[in-house]
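Colleague: What would the 3D arrangement of this be:
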Amino acid sequence: MSNTLAIAHKELRSYFVSPIAYVFIGFFALLYGYFFVVSLNFLVRVSMQAGMGMGGPQTININEYMMRPLLGNTAVIMLLVLPLMTMRTYAEEKRTGTIELLLSSPLTEMQIILGKFIGAMTLFTIMLGVTFIHVSILFIYGEPELGPILSGYLGLWLMGGAFISVGLLISSVTKNQMVAGMGTFGVLLMLWVISWMGDPSSGSTTTQVLGYLSILDHFEDFSKGVIDTKHLTYYLSFITFGLFLTAKAVDSERWRG
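Modeller: Have a look, this model is predicted:
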């Protein structure tokens, strides 16, 4: 475990000794802040219409009208940012030749992979943590429900872990950072829209399978405040399988070396 944490510390330190971590945190917070303001303006307009008797709901639910759309937009931000964040994890070490030193050290493939995964997840957790500054404003001036917000963030965190596991896998099979970034984005985008390929009204087995494979559909219940073991199992299995494939790719690199 100490070796894994040492790799995680090294990985996290590599983000913060350069502007990389600050750029990603700042960019993530900027985009989140923009969508927060857009969602807040929409909530204000709906509230004003309800107050003036211009139709619409008489009771405004902050979670339903603001937080759910905001969390959905945050998932889109993650789709754009996380492939860029993970593209250097292995590709950069391959390009500079430091991967040989890492693979020749007395570390197992799983220790290396878990260390890099924990390091990337720590940075991602910090990125999510910064957004709680915005959410706290809602509790100062409004009365949102805490449960759905926490479950929504849990869903984002698990989805982010799935994104990072794919990023590690793609980065482990190429030396080019841009190829790793674009490849990760392509795979995640395919998993994002895969449920759109089926006809929801048909109820066929193919449609159900495509819906289950969709990385986005499993997030919907989290944003509603529902924590279903089916969705937890999906994300945890996805992360485990992604790290397993990365271990196989790193192991093949060790044998080739």
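Colleague: When you work out contacts or count neighbours from here on, use the C-alpha atoms and nothing else.
Modeller: OK.
Colleague: So which residues of this protein form helices?
Modeller: Listed in chain order, the helices of the chain (DSSP state H) span 2-16, 20-51, 62, 68-86, 91-96, 98-104, 109-130, 132-141, 146-171, 177-193, 205-213, 220-223, 229-256.
Colleague: out of those helices, deepest packed?
Modeller: Across those, the average number of neighbours (mean count of other Cα atoms under 10 Å) peaks for helix 146-171, which reaches a mean of 23.
Colleague: Which elements pack onto it?
Modeller: helix 68-86, helix 109-130, helix 177-193, helix 220-223, helix 229-256 (3 or more Cα pairs under 8 Å, 6 or more residues apart in numbering; DSSP states H and E).
Colleague: helices or strands up against the third one?
Modeller: What it means is helix 177-193. helix 68-86, helix 91-96, helix 146-171.
Colleague: between those helices, which gets the lowest average pLDDT?
Modeller: Mean pLDDT values for the helices and strands packed on helix 177-193 show the minimum at helix 91-96, a mean of 70.
Colleague: that older thread, closest to Glu11 out of the helices and strands packed on helix 146-171?
Modeller: Closest of the helices and strands packed on helix 146-171 to Glu11 is helix 109-130, at 5.4 Å (criterion: Cα to Cα).
Colleague: ok, residues contacting that closest one?
Modeller: 1, 3-12, 21, 24-25, 28-29, 85-86, 89, 103, 157, 160-161, 164-165, 168, 243, 246-247, 250-251 (Cα atoms under 8 Å, 6 or more residues apart in numbering).
Colleague: how far off helix 229-256 does it point, in degrees?
Modeller: Inter-element angle recorded for helix 109-130 and helix 229-256: 130 degrees (by axes from the mean of the first three to the mean of the last three Cα atoms, to 10 degrees).
Colleague: angle of helix 109-130 against helix 20-51?
Modeller: 40 degrees.
Colleague: weakest of the helices of the chain in terms of mean pLDDT?
Modeller: helix 98-104 (a mean of 65).
Colleague: contacting residues for His9?
Modeller: Per Cα under 8 Å, 6+ apart, neighbours of His9: 115, 119.
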